[in-house]
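Enquirer: quick one, what's the 3D model for this:
(chains A and B)
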Amino acid sequence: MAGAELEILKGITLEIKSGESVAIVGASGSGKSTLLGLLAGLDEPSGGRVVIGDTDLGQLDEDGRALFRGRHIGFVFQSFQLLPALTALENVMLPLELKGRGDAQAQAETFLERVQLGPRSGHYPSQLSGGEQQRVAIARAFATRPAILFADEPTGNLDTGTGAHIIDLLFELNREQGTTLVLVTHDMHLAGRCRRRLRLDAGALVAE
Amino acid sequence: MAMTAARMLARDWRGGELGILLMALVLAVGTVSGISAFTTRLQNALEQESHRFLAADIALRSARELPAAWLHEARQRGLQQALTLTFPSMVYAGEDNMYLASVKAVSDAYPLRGELTFSAQPFGAVQAAATGPRPGQVWLDSRLFALLDVAPGQRVTIGQARFRVAGAVRSEPDQGAGFFGYGPRVLMHYDDIPATGVVQPGSRVEYRQLYAGVAPALDAFRQWLQPRLGGAQTLLDVKDGQPGVGSALRRAERFLLLAGSLAVVLAGVAIALAARRFSERHNDYVAIMKSLGATSGAVNRLYGSSLLLLGCAATAAGCLLGWGMQALFFALFAGHLPVQPGPSGIRPYAIGSVTCMVCLLCFAWPPLRRLGRTSPLRVLRRDLPLENRRTLADYALGLGALGALMWWYSRDWKLTVAVLAGLGLTVLLGLGLALILLRGGRLVGMRAGSIWRLALAGLQRRGTANALQVVIFAMAIMLLLMLLLVRTSLIDAWQAQLPPDAPNHFIVNISPSEVQAVEQMLREAGVASEALYPMIRGRIMAINGVALSADQAPGPNGPEDAAGDDPGQERPGQRESNLTWSARVPPDNRLVAGQWWAPDTARALVSVERDFAERYGIVVEDTIGFLVGAQPLQAQVASIREVQWQSMRPNFFLVFPPRLLASYPATFMTSFHLGPGDKAFLNRFIRQFPTVTVIEMDVVVEQIRAIVEQVSAAIELVLAVILAAGALVLVAGVQASVDDRMRESAILRALGARRRLILGGLCIEFASLGLFAGALAVIAAELSVYILQSQVMDMHYAPSPWVWALGTACGTVLVAVLGVFSCRAAVSSPPLRVLREL
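Expert: Numbering: from 1, shown residues only, chains lettered A, B, ... in the order given. Okay, the predicted model is just below:
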């Protein structure tokens, strides 16, 4: 890779309205995850701007973006990204604690109940099935009541049945909380549930 | 934050990674404080033991009566005290029996340290004595009974006083202190001195004040005393108590400090390794937290306070471990250590705690601090490069911290520099190796075709990581080799210094007419002796025409400087000394400046012992003025010699060409070895040569040997502990790379690689790393040992070829075995489980 500059995303202009649900689809290597990382403020673009509400993410440093993420953004990942050393409950509590919420445990318990994992709150990720782990991740993502939820292939590591259940849960909570949902997937069934679908092709955005 | 940190620690504990770091820390604190406490207690014990040689903690020596005010001062400071006076005197028994004896008068409290023994009959059953003889009584050397033809209960006369012979004196703790006595010992009470009338102004006597007490009071008294000492008054400390013991103890102390310093280094390396692994494993953790909104400041605070909590826990557990370790040592080896261990105080544990905090700050914190910079993008892309690459600044910080810790621990910058030089060389060579490994790096792929190609490819692929690992292995092996080398040469030097047949008897005052007869008698009795050396009393008067002050009192014991002199006099003045002549450089002597003379030279030349020359500021080509008998003698300094005073052979400060001194009246001296069963020879010898003085040093030589044996045992013990610590670093070093290798091996297995291929490849890869590390370690160890021995231990350096074989062989085998053992799960568990668990 040395020497050659690689352009992953090319001239993307995209507006997502509050409360919208958007699916970004595309083949592997089309730049979906890169786009998601940029939108969520996990990465900095080499050119262009990402603005969420009134905030230009480019004007913030990494710590500023972290605070912004903590306040406004939730994530659900393909590989769940639960901390293996923490129980399900502790995993859900983590972002609440980072926000300094005094009622972290009560909130976390409420959301674990909501994803029907109340009885298993003391279990570690390794003691949970893939579907259960993703439910914990969903509880964690919604527990802070984020304005925007980013999901990266949320069903990618799950079988079809479990995946469908997770999708139901995701959209249910999304509806309840009025969250803006941006998800990246190549699962057409999942994409079909979103109000808007965008296709990424070799770094360029093509409307569906 | 502290609460969150505590919770995080508690949670992490369950994760398991924290355990490794904590264990390294606990081990570091434990090893450092344990060894420190052990050596402190041992040092105290050995010091106690060596106090025996002074019969006190400190002693003052002078040829004139010492001020009584000092005794008063000492009493006010709560110190115990005793007085001794030693002088040569004729002892008479009956009408015609007399003999020149070395009389020692002692006060009631003598000895303050050590044990005085006597027997009721000459050569009878030995008993411990609480005090010396009562006033009016004397104890005689066993041999004197025959020489004077007296029996216990009969009377002898010293000067104008008569004494009843109450027993035989068998051993005094400070026997060696008046090194060259005059003939056999007579012990009497201090209060009887005036009655004898033999001690007059100008008599050749040696007064001593002995003091003992607790360390702080002694130190304060010593400081009070120092400025009040006159030129002719000498303060004797433990380390001056006995030639041979002093240097043995000093070297042993250096060795133990060196060992402790190496423990600090090993601990630092282990902690750095564990912290690195900890931070590597926490990269994903931090990425998740950051994606959930944690700022780098919050991450740093979290890990900072975790580290602090961890440090506190590790310190407490480590101190406990250290305490247990040294207690175990003493329990295990109580039977082998004839000395009672002293208290250790809290310093060892303070050292352990500070070591822990410094290690955390300088070794654990840098990789953890960089965790704060982890990109949150890792939650989406796990293949992002880790943010925990060590920089040169990290290595500099680490080496700096190690240097500071070692200096604090040993208070010896030369020792610190010696170890750091070795470590620095290891790092440099390791970096060179990394460059070589990396050069062809990308050209070789996995190469799973054969064991050898797989291993070679593995070595190259992980170039940097492997070089780092080689450096770590090399460091551990180097430190161990270094310690082994120093320990071996130390013990060898002691044994060479005092071989079993080391001379333990001296004979002086042999007249020229007796030389042949003495030589013949020694030869016929099968006693191997050194050459006979002529001895002429002379007085050093001037250097380069400048007269020396006459204030210096003459030494009380005639030829004392033939075996050692009190160093440390501020302004040397005139002094009496023994002169000898020699056509060749005496054995055990080494020229350090100038040249030896032609055997038959007629020039007025002199060769001077090094310390003597330093004290008087004498250099080659200076002119020294002597007074020999009543005649002045000028001689030019031809050479400066280094002398092995501990060899127990006759040695002299001043040596002249034979023709220069031939016309002066001389007596001769020599030394020889007598086993315990051959002592009867002395009685025959003394009867045949009644004017010759025999000095028995066998008890002293045995005492020195006993001390040296204890110190050697201590050194072996400490070596064993450090070896264990070094092995742990090796394990930690292997562990550090296990994840990567396991992952690769699991993938290879999943693709169908045979068990033999994987294990063989791993074995060759680790063995090569071990071989590199061993070679590197040997080079660095030789450098360190060279600096240590020439600069710190005061020993001669000689390269040790056997270390090359040992270092490389041990490196190869140990690392290969540890590596394959650590990765064995890669072939014994299903590959999927291995991959999932990583």
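
Enquirer: identify the residue nearest the residue of chain A found nearest chain B in space, chain neighbours excluded?
Expert: For chain A, the residue closest to chain B is residue A:70, as judged by CB to the nearest CB, at 1.8 Å. C-beta coordinates here come from the backbone N, C-alpha and C atoms, glycine included. Counting by CB to CB, 6 or more residues apart in numbering or on different chains, residue B:293 is the residue found nearest to residue A:70 once chain neighbours are left out, at 1.8 Å.

Enquirer: do residue B:145 as well
Expert: Per CB to CB, 6+ apart, closest to residue B:145 is residue B:122, 4.2 Å.

Enquirer: tell me the secondary structure at the one you found.
Expert: Secondary structure assignment for residue B:122 (DSSP: H, G, I helix; E, B strand; the rest coil): coil.

Enquirer: that one: neighbour count?
Expert: Residues near residue B:122, counting by other CB atoms under 10 Å in any protein chain shown, number 19.

Enquirer: same question, the one 5 residues further on
Expert: Neighbour count of residue B:127, defined by other CB under 10 Å: 12.

Enquirer: check residue B:315 too.
Expert: Per other CB under 10 Å, the neighbour tally for residue B:315 reads 23.

Enquirer: thinking it is in contact with residue B:352, fair?
Expert: Yes - the criterion here is CB atoms under 8 Å, and residue B:315 meets it with residue B:352 at 7.0 Å.

Enquirer: what sits in contact with each of those two?
Expert: By CB atoms under 8 Å, 6 or more residues apart in numbering or on different chains, residue B:315 and residue B:352 have these common neighbours: residue B:29.

Enquirer: phi and psi next, for residue A:60.
Expert: With angles defined as degrees, to the nearest 10, residue A:60 sits at phi -100, psi 150.

Enquirer: do you know how far the spatially closest residue to it that is not a sequence neighbour is from residue A:56?
Expert: With sequence-adjacent residues excluded and distances taken as CB to CB, 6+ apart, residue A:60 is closest to residue A:68, at 6.2 Å. As judged by CB to CB, to the nearest Å, residue A:68 and residue A:56 stand 11 Å apart.

Enquirer: try residue B:376
Expert: The gap separating residue B:376 from residue A:56 is 18 Å, by CB to CB.

Enquirer: three-state assignment of residue B:133?
Expert: Quick answer, by three-state DSSP: residue B:133 is coil.

Enquirer: any idea how many residues pack against it?
Expert: If you count neighbours by other CB under 10 Å, residue B:133 ends up with 24.

Enquirer: quick check: pLDDT value at residue 22.
Expert: Let's take chain A. We have a pLDDT of 91 for residue A:22.

Enquirer: wrong one, I was asking about chain B
Expert: Residue B:22 is assigned 80 on the pLDDT scale.

Enquirer: that one should be in a helix, yeah?
Expert: Yes - assessed by three-state DSSP, residue B:22 belongs to a helix.

Enquirer: OK, contacts around it?
Expert: B:310, B:313-314, B:317.

Enquirer: please repeat the previous calculation with a cut-off of 6 Å.
Expert: Going by CB atoms under 6 Å, 6 or more residues apart in numbering or on different chains, residue B:22 touches residue B:314.

Enquirer: just to revisit the earlier point, what is the burial count for the residue of chain A closest to chain B?
Expert: Applying other CB under 10 Å, I find that residue A:70 has 24 neighbouring residues.

Enquirer: just to check, it is in contact with residue B:294?
Expert: No - judged on CB atoms under 6 Å, residue A:70 makes no contact with residue B:294 at a distance of 7.1 Å.

Enquirer: mutual contacts of those two, please.
Expert: Contact criterion CB under 6 Å, 6+ apart; residues shared by residue A:70 and residue B:294: residue A:98.

Enquirer: give me the pLDDT for the residue nearest to residue B:772 when sequence neighbours are not counted.
Expert: Sequence neighbours aside, residue B:470 is the residue nearest to residue B:772 in space, at 4.8 Å (criterion: CB to CB, 6+ apart). Residue B:470 is assigned a predicted lDDT (pLDDT) of 82.

Enquirer: am I right that residue B:470 is in a strand?
Expert: No - counting by three-state DSSP, residue B:470 is not part of a strand but helix.

Enquirer: ok, it - contacts?
Expert: Per CB under 6 Å, 6+ apart, neighbours of residue B:470: B:430, B:433, B:769, B:772-773.

Enquirer: and the pLDDT for the residue in chain B positioned nearest to chain A?
Expert: In chain B, no residue comes nearer to chain A than residue B:293, which is 1.8 Å away by CB to the nearest CB. With respect to pLDDT, residue B:293 has a value of 84.

Enquirer: need the three-state assignment for it.
Expert: Secondary structure, three-state DSSP: residue B:293 is coil.

Enquirer: of residue B:376 and residue A:56, which one has the most company?
Expert: residue B:376 (25 against 11).

Enquirer: so the more buried one touches residue B:290, yeah?
Expert: Yes - using CB under 6 Å, residue B:376 is in contact with residue B:290, at 3.9 Å.

Enquirer: hey, which helix or strand in chain A has the poorest pLDDT?
Expert: Ranked by mean pLDDT, DSSP states H and E, the weakest helix or strand in chain A is strand A:204-207, scoring a mean of 76.

Enquirer: adjacent strands (with direction) for it?
Expert: strand A:196-201 (antiparallel) (DSSP bridges).

Enquirer: average pLDDT for the strand it pairs with?
Expert: On average, the pLDDT along strand A:196-201 is 87.

Enquirer: buried residues in it?
Expert: A:197-200 (16 or more other CB atoms under 10 Å in any protein chain shown).

Enquirer: what parts of the stretch 201-350 of chain B come near chain A?
Expert: B:285, B:288, B:290-296 (CB under 6 Å from any CB of the partner chain).

Enquirer: SS state for residue A:46?
Expert: Residue A:46 ends up coil, using three-state DSSP.

Enquirer: burial count for it?
Expert: Residue A:46 - counted by other CB under 10 Å - has 10 other residues nearby.

Enquirer: now it: phi and psi?
Expert: According to degrees, to the nearest 10, residue A:46 has phi -80, psi -20.

Enquirer: what of residue B:689?
Expert: Dihedral angles (degrees, to the nearest 10) for residue B:689: phi -120, psi 70.

Enquirer: burial of it, as a residue count?
Expert: 18.

Enquirer: over to residue A:171?
Expert: For residue A:171, using other CB under 10 Å, the count is 15.

Enquirer: for residue B:134, same thing?
Expert: So residue B:134, with other CB under 10 Å, has 14 neighbours.

Enquirer: which residue sits closest to residue B:781 in space, ignoring its chain neighbours?
Expert: Excluding the flanking residues, the one nearest residue B:781 by CB to CB, 6+ apart is residue B:481, at 4.0 Å.

Enquirer: so for the host helix or strand of the one you found, what gets flagged as buried?
Expert: Applying DSSP states H and E as the criterion places residue B:481 in helix B:463-497. Buried residues in helix B:463-497, counted by 16+ other CB under 10 Å: B:463, B:466-487, B:489-491, B:493-494, B:497.

Enquirer: about what we covered before: pretty sure the residue nearest to residue A:70 is touching residue A:68, no?
Expert: No - counting by CB under 6 Å, residue A:68 is not a contact partner of residue B:293; they are 7.9 Å apart.

Enquirer: which of these two has more residues huddled nearby?
Expert: residue B:293 (24 against 18).

Enquirer: and the helices in the stretch 1-150 of chain B, which stretches?
Expert: Taking DSSP state H, counting those that start in this stretch as the criterion, the stretch 1-150 of chain B contains helices spanning B:2-15, B:17-51, B:68-76, B:142-148.

Enquirer: restricting to C-alpha, output the helix or strand where residue B:536 lies in PDB.
Expert: Residue B:536 belongs to strand B:533-543 when assigned by DSSP H and E. Output of strand B:533-543 as PDB, limited to C-alpha atoms (Å, rounded to 0.1, in the frame of the first residue of the first chain):
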ATOM      1  CA  TYR B 533      63.300 -13.000  53.800                       C
ATOM      2  CA  PRO B 534      65.900 -10.700  55.400                       C
ATOM      3  CA  MET B 535      64.400  -8.100  57.600                       C
ATOM      4  CA  ILE B 536      66.000  -4.800  58.700                       C
ATOM      5  CA  ARG B 537      64.400  -2.200  60.900                       C
ATOM      6  CA  GLY B 538      64.500   1.200  59.300                       C
ATOM      7  CA  ARG B 539      62.900   4.500  59.700                       C
ATOM      8  CA  ILE B 540      61.400   6.600  56.900                       C
ATOM      9  CA  MET B 541      62.600  10.200  57.500                       C
ATOM     10  CA  ALA B 542      62.100  12.300  54.400                       C
ATOM     11  CA  ILE B 543      60.600  12.400  51.000                       C
END
